[in-house]
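In: A structural model of the following input is requested.
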Amino acid sequence: MIWSTFTGGFRRSTVPRISVGCDLVDVAEVAESLSTFGERYLARVFTPAEASVLDSSNGVMRLAARFAAKEAAIKALGLSGQATPLREIEVVMRAEVPVLVLHGSMADLATERRWTANSLSLSHTDSSAMAVVVATHS
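Out: So this is what the prediction gives:
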């Protein structure tokens, strides 16, 4: 039920509900984690496919954007402040478009929360990376 400003009362909604998560990451912090923890950091946070962006130009910035996507997904799922398995939240590229893919317990939670679809947007500069996740659910 939603409040209708037209009728002044509640009515049944046919519009799908949405959840939005947004996150901003300091690229220098990701670079510092890579420098301090190296492969251990990569293996704990990113899938091998995600970590492979380090081989490209702007690799640390692109990796930071993927980290922001994981945090944005956590917020869209309503899990802020809770421990989550970051490798179960993956950014994959399909036809040069970033796509959010959930695995394991994160996929189960999205199903439990009745997610029907999601959309991901990434961006970065030399100093910051950001991501927005928008999920629809029934």
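In: neighbours around residue 35, how many?
Out: Counted with other CB atoms under 10 Å, residues neighbouring residue 35 total 10. Where C-beta positions appear, they are placed from N, C-alpha and C, glycine not excepted.
In: Within the helices and strands, which one has it?
Out: helix 27-37 (DSSP states H and E).
In: Report the buried residues of stretch 30-48.
Out: For stretch 30-48, the neighbour count (16 or more other CB atoms under 10 Å) marks 30, 33-34, 41-42, 45-47 as buried.
In: name the helices or strands packed onto the helix holding residue 35?
Out: Helices and strands touching helix 27-37, as assessed by 3 or more CB pairs under 8 Å, 6 or more residues apart in numbering; DSSP states H and E, comprise helix 39-45, helix 59-76, strand 128-137.
In: Run the angle between that helix and helix 59-76 for me.
Out: Taking axes from the mean of the first three to the mean of the last three CA atoms, to 10 degrees, helix 27-37 and helix 59-76 form an angle of 100 degrees between their directions.
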